[in-house]
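Participant: My questions are about this predicted structure, shown below with the sequence.
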Amino acid sequence: MVHWLCTRVIIPSILYGALVWWPTVTQKTTKTQLGRIQRMACLAIMGDMKLTPTAAMEGLLNLTPLNLLIMAEVRMALYRLLMLKQPTELKTETGLLSIWKTLSDPILEMRSDHTSPVYNYCKIFNVIIDMDYWRNKDPLLHKDALM
């Protein structure tokens with residue numbers, strides 16, 4: 001139950017908005033705070049002794065360290081933005097360009113199979129409402145009419 005709570009509630013809430021606050025993940029203090037959170041979660045899941053190394057518990061539970069998970073989430077979000085042509089020009093040093101420079105990866109330059117939706121609202125039918133149908137209780141229908 002604690003493993004489910006960690007992987008389905010706590011980690012997604014930490015990853016929320018990672019594209020905005022990702023630069024702090026590179027700082028040592030943030031890495032240690034994220035490591036403490038991960039360690040508390042691992043200890044709660046496994047019930048191990050306090051002397052058990054965090055890396056060993058993460059390996060046994062198949063949990064990725066939070067700082068690496070955040071960077072992966074940022075890479076995926078940046079790739080989605082690039083494929084949607086969201087940042088038309090990467091101008092600012094503090095905005096998406098700084099992410100691009102820091103996380104430069106050949107994978108981000110790959111092509112995508114994303115297809116932009118095309119909406120076609122052409123009207124290929126006519127709706128004819130027969131007023132007799134609405135006024136009379138027993139409307140007259142044509143032989144070829146579908147009900």
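Facilitator: Yep, that arrived.
Participant: and stretch 132-147, what's its mean pLDDT?
Facilitator: Taken as a whole, stretch 132-147 carries a mean pLDDT of 67.
Participant: same question, stretch 115-124
Facilitator: Across stretch 115-124, the average pLDDT comes to 81.
Participant: which of the residues in that stretch are buried?
Facilitator: Of all the residues in stretch 115-124, not one is buried under the rule 16 or more other CB atoms under 10 Å. Where you see a C-beta, it was placed from the backbone N, CA and C, and this is true even at glycine.
Participant: Contacts for that stretch, please.
Facilitator: Stretch 115-124 is contacted by no other residue when judged by CB atoms under 8 Å, 6 or more residues apart in numbering.
Participant: For it, measure first residue to last.
Facilitator: Start-to-end span of stretch 115-124 (CA to CA, to the nearest Å) is 25 Å.
Participant: how much distance is there from that stretch to the middle of the chain?
Facilitator: Its chain's C-alpha centre and that of stretch 115-124 lie 26 Å apart, by CA atoms, centre = their mean, to the nearest Å.
Participant: and what of stretch 17-28?
Facilitator: Per CA atoms, centre = their mean, the centroid offset for stretch 17-28 relative to its chain is 17 Å.
Participant: Ok, stretch 69-77 next?
Facilitator: 10 Å.
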